[in-house]
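# Okay, here's the prediction I keep looking at, along with the sequence it came from:
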Amino acid sequence: EAGVTQSPTHLIKTRGQQATLRCSPISGHTSVYWYQQALGLGLQFLLWYDEGEERNRGNFPPRFSGRQFPNYSSELNVNALELEDSALYLCASSPDGGSSYNSPLHFGNGTRLTVT
Amino acid sequence: AQSVSQHNHHVILSEAASLELGCNYSYGGTVNLFWYVQYPGQHLQLLLKYFSGDPLVKGIKGFEAEFIKSKFSFNLRKPSVQWSDTAEYFCAVTSSGGSYIPTFGRGTSLIVHP
């Protein structure tokens, strides 16, 4: 089975610009989670989408947003980029849409965003 | 709100040494617990998980973890590490108190010298 795929692998932007990151979940998975992995801070929860709707969001400003498409792929948008947004952005999928909390997450390789 | 603490941020061991990585969580209700591993250049993957039943769970590559409810802990162990265990290890928890969102610890970087 194909894993979670993320694109692009690397993204370099200038402060104030917008970044768009993409994620395709494992086939059959309806839930997509976005995490920010900044150096030394572990994984910080950003957003959770399921069945096309935003189910929950973490403690991040509104300039972090996204959506989930009918094919369950997802997009993360970061507006008005700041230097501290530089991080690895991880997408993960799970099959059960939050109906239980038993299923582990399946992660992609991430998008390395660098803001200069 | 739930939180996860990993006390060891950097661990350096020689091959064949024993490993124990600490993980404590804050939520007092029913929890599911996970350990994930991120090998250099690879994506995060599941090492083992605890849902219910036997508090000693075994995962891949000889790893095991013990759930001690009274201590809110889920420590990861391996009796004899190998150079190939060099990786970053993350503890995670889900619970109804956290709206089912997996919460991760900051991670522990393990370096094993041959």
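Good, I have the coordinates.
# Run through the residues of chain B sitting next to chain A.
B:6, B:9, B:32, B:34, B:36, B:42-46, B:49, B:51, B:90, B:94-96, B:99-107 (CB under 8 Å from any CB of the partner chain). In short, each C-beta sits where N, CA and C put it, glycine included.
# Point out the residues in chain A that sit beside chain B.
A:3-4, A:33, A:35, A:40-43, A:45, A:48, A:56, A:58, A:90, A:92, A:98, A:101-102, A:104-105, A:107-110.
# May I see the PyMOL selection of the buried members of those residues?
Listed next is the PyMOL selection for buried residues among these, using 16 or more other CB atoms under 10 Å in any protein chain shown:
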select buried, chain A and resi 4+33+35+42+43+45+48+56+58+90+92+98+101+104+105+107+108+109+110
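# For chain B, give me the ranges with low pLDDT.
Scanning chain B for pLDDT under 70 picks out B:98.
# Which element, helix or strand, includes the spatially most central residue of chain A?
Centroid check for chain A by CA atoms, centre = their mean gives residue A:34 as the closest residue, at 2.8 Å. Here residue A:34, judged by DSSP states H and E, is contained in strand A:31-38.
# cool, and residue A:66?
Secondary structure (DSSP H and E) places residue A:66 in strand A:64-68.
# got the buried residues for that strand?
A:64-66, A:68.
# Pull up the pairing partners for it, direction included.
strand A:74-78 (antiparallel) (DSSP bridges).
# For the partner strand, give me every contacting residue.
By CB atoms under 8 Å, 6 or more residues apart in numbering or on different chains, the residues outside strand A:74-78 that reach it are A:18-23, A:25, A:32, A:34, A:46-47, A:49, A:63-69, A:85, A:89, A:91, A:113.
# Which members of these are classed as buried?
Judged by 16+ other CB under 10 Å, buried ones among the contacts of strand A:74-78: A:19, A:21-23, A:25, A:32, A:34, A:46-47, A:49, A:64-66, A:68, A:85, A:89, A:91, A:113.
# what bridges to residue 33?
This is for chain A. Under the criterion used (DSSP bridges), residue A:33 bridges to residue A:48, residue A:92.
# Wait, chain B was what I had in mind.
According to DSSP bridges, beta-bridge pairing links residue B:33 with residue B:50, residue B:93.
# from memory it sits against residue B:74, does it?
Yes: judged on CB atoms under 8 Å, residue B:33 makes contact with residue B:74 at a distance of 4.4 Å.
# So the two - more neighbours on which side?
With neighbours defined as other CB atoms under 10 Å in any protein chain shown, residue B:33 and residue B:74 compare such that residue B:74 has more, 28 against 22.
# Can you give the contact residues for stretch A:11-24?
Applying CB under 8 Å, 6+ apart, the external contacts of stretch A:11-24 come out as A:4-8, A:32, A:34, A:73-83, A:85, A:89, A:91, A:93, A:108, A:111-116.
# Buried residues in stretch B:13-32, which are they?
Across stretch B:13-32, burial judged by 16+ other CB under 10 Å covers B:13, B:19, B:21, B:23-27, B:31-32.
# That one: end-to-end distance?
29 Å (CA to CA, to the nearest Å).
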